[in-house]
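K.L.:
Can you look at this prediction? I've put the sequence above it.
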Amino acid sequence: MENASSLLMEESVPVAPAPSVPRRSLKDRIRALIPTATTLRGTWIHRLLGERVFEPTLWHITQNGVASGLAVGIFTTLLPIPGLHIIAAVAAAFWVRGNIPSALGVTLVANPFTLPFLFYAQIRVGHTFCRLTGTNDYGDLPREFKRLMHAAKPFFIGSVLTAAAAAALLYFGTHALWGFFNKRRAEITAPVPPNPPK
């Protein structure tokens, strides 16, 4: 009986709930993925690229860094270099001192589902450009070469044109949106002036 009553007593004792782990915001999770100077120091990347790898604009979120990173990222993504987009985006961001995570993030635009549509749009842009500029005539070149040029040239021209247009749009659009949201934040956080005495 004593054992039974002691078991009942143990069961009725309230158990404190386990402490809940606070959920990290998306910004904190993204920040955790970004390498820091401590994690990069002494690595092969540091040995290869030198001290410039620690430049703040490459890793920290700044207006010009993000705008430059997005611009070079979309430019390299829209070029016809499948499989090399990520390497090209990182190299271009490093060269122009753009934000590397932004450049990497925008390369997700080129994926197996979007590439056929991107390629088709680029070929149409290239054909339109060649028709308007009169560069469709290849003279007395062999027929096989003409066929190759008729297919490859519009694709190359269209990809460069669309890449440059998208890069300019992202660069200036990012600056415009950043300035707009900074202005709105300043308006919201500005102290309200007291009512003047009557």
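P.N.:
Done, it's in. Numbering: from 1, shown residues only.
K.L.:
which residues in the chain form helices?
P.N.:
2-12, 26-33, 37-40, 44-49, 56-59, 63-77, 85-96, 100-106, 115-133, 143-189 (DSSP state H).
K.L.:
Can you point out the buried residues in the fourth one?
P.N.:
Same thing as helix 44-49. His46 (16 or more other Cβ atoms under 10 Å). Every C-beta, even on glycine, is put in place using the N, C-alpha and C of the backbone.
K.L.:
all numbers from here: first residue = 11
P.N.:
With the count now opening at 11, the last piece we talked about shows up as helix 54-59.
K.L.:
Can I get it in PDB, CA atoms only?
P.N.:
Written as PDB, here are the backbone C-alpha positions of helix 54-59 (Å, rounded to 0.1, in the frame of the first residue of the first chain):
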ATOM      1  CA  TRP A  54      42.800  27.900 -48.600                       C
ATOM      2  CA  ILE A  55      40.500  30.700 -49.700                       C
ATOM      3  CA  HIS A  56      42.500  33.100 -47.400                       C
ATOM      4  CA  ARG A  57      45.800  31.800 -48.800                       C
ATOM      5  CA  LEU A  58      44.600  32.100 -52.400                       C
ATOM      6  CA  LEU A  59      42.900  35.500 -52.300                       C
END
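K.L.:
Can you tell me the number of residues neighbouring Thr182?
P.N.:
Small correction: residue 182 is Phe, not Thr. 12 (other Cβ atoms under 10 Å).
K.L.:
Report how many residues lie close to the residue nearest to Ala120 when sequence neighbours are not counted.
P.N.:
Once flanking residues are discounted, Ala120 sits nearest to Thr87: 4.6 Å by Cβ to Cβ, 6 or more residues apart in numbering. For Thr87, the count of nearby residues is 24 (other Cβ under 10 Å).
K.L.:
Check the contact between Thr87 and His95; I expect there is one.
P.N.:
Yes. The pair Thr87 / His95 is scored as a contact, 5.1 Å apart, by Cβ atoms under 8 Å.
K.L.:
if we can go back for a sec, what's the separation between the residue nearest to Ala120 and Thr53?
P.N.:
Distance, Thr87 to Thr53, using Cβ to Cβ, to the nearest Å: 26 Å.
K.L.:
ditto for Ala178
P.N.:
34 Å.
K.L.:
now swap in Thr67 and tell me
P.N.:
On the measure of Cβ to Cβ, Thr67 and Thr53 end up 20 Å apart.
K.L.:
Of the two, which one has the most company?
P.N.:
Thr67 (18 against 12).
K.L.:
coming back round to it: okay if I get the helices of the chain as JSON lines plus mean pLDDT?
P.N.:
Converted to JSON lines, the helices of the chain look like this (pLDDT from 0 to 100):
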{"stretch": "helix 12-22", "mean pLDDT": "51"}
{"stretch": "helix 36-43", "mean pLDDT": "67"}
{"stretch": "helix 47-50", "mean pLDDT": "69"}
{"stretch": "helix 54-59", "mean pLDDT": "74"}
{"stretch": "helix 66-69", "mean pLDDT": "80"}
{"stretch": "helix 73-87", "mean pLDDT": "93"}
{"stretch": "helix 95-106", "mean pLDDT": "90"}
{"stretch": "helix 110-116", "mean pLDDT": "90"}
{"stretch": "helix 125-143", "mean pLDDT": "89"}
{"stretch": "helix 153-199", "mean pLDDT": "86"}
